[in-house]
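Asks: sharing a model prediction with you, sequence too.
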Amino acid sequence: MQFFLAQGIKDDAYLNEFCQLWKRSEYSKNQVITKEGQIERHIYFVLDGLQKSVFVNNGKEHVVAFTYPGTFSGIPDSLFAQKPAKCTLSAVTPTALLGINFEVFENEIQKSSTINALFAKMLKSVLVGTIERHYELQAYSMEERFLAFYKRSKHLINQLPRKDIASYLNIDPTNLSKLLSKHSRTL
């Protein structure tokens, strides 16, 4: 509920009812939350812990996203299309999530134009972030990708395995180590 209040939503009876529909779930380190091939049925809000989405191609893992406290989580393409997930969402660290079934969520947000508008704003933000990341992967050098990640998510640098950060940035882990050493004094 604090998330909604922080977004300027008035505390009212509907907000209390809506928040009660979100159920807490906990996952241990490395536990799968949604497996490749499953249909994502929930929207999650991260209370605690770090999560990653991994896409596997030709036996190689590619980290496509990280989520952390204060962000929404899940596998959005599977959720919105209600098709099997192409990646796996798992807990990097012990994780606590609030989740709501997508069908229930869709029905409930129609009851409140304020909450509907908030989620539309959230989806726009996710889309803009995804497009920015696409630009980075297509056009930035590995150093520029590293610096963009650091600027956006420096709080994750010492919390995530280096191999996961390197995969996310689409660079070799050795090059990530070199970049960390090179920029250690300026970061």
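Replies: Sure, I can see it.
Asks: roughly how far is the helix or strand hosting Leu118 from the heart of the chain?
Replies: Leu118 belongs to helix 113-139 when elements are defined using DSSP states H and E. Mean-position distance between helix 113-139 and its chain equals 12 Å (Cα atoms, centre = their mean, to the nearest Å).
Asks: now do stretch 162-169
Replies: Relative to its chain's centre, stretch 162-169 lies at 15 Å (Cα atoms, centre = their mean).
Asks: just the CA trace of that stretch, in CSV.
Replies: Taking Å, rounded to 0.1, in the frame of the first residue of the first chain, the C-alpha atoms of stretch 162-169 are listed here in CSV:
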residue,chain,number,x,y,z
ARG,A,162,29.6,-10.5,-11.9
LYS,A,163,28.7,-13.1,-14.5
ASP,A,164,25.1,-12.0,-14.4
ILE,A,165,26.0,-8.3,-14.8
ALA,A,166,28.3,-9.3,-17.7
SER,A,167,25.6,-11.3,-19.3
TYR,A,168,23.1,-8.5,-18.9
LEU,A,169,25.6,-6.1,-20.5
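Asks: now do that stretch: everything it contacts.
Replies: 52, 54, 61-66, 92, 142, 145-146, 149, 156-157, 172-173, 175-177 (Cβ atoms under 8 Å, 6 or more residues apart in numbering). Heads up, the C-betas are built off the backbone N, CA and C, glycines and all.
Asks: one step back: which of the residues in the helix or strand just after the helix holding Leu118 are buried?
Replies: Following helix 113-139 in sequence order, the next helix or strand is helix 142-153 (DSSP H and E). In terms of neighbour count (16 or more other Cβ atoms under 10 Å), helix 142-153 has its buried residues at Met142, Arg145, Phe146, Leu147, Ala148, Phe149, Tyr150.
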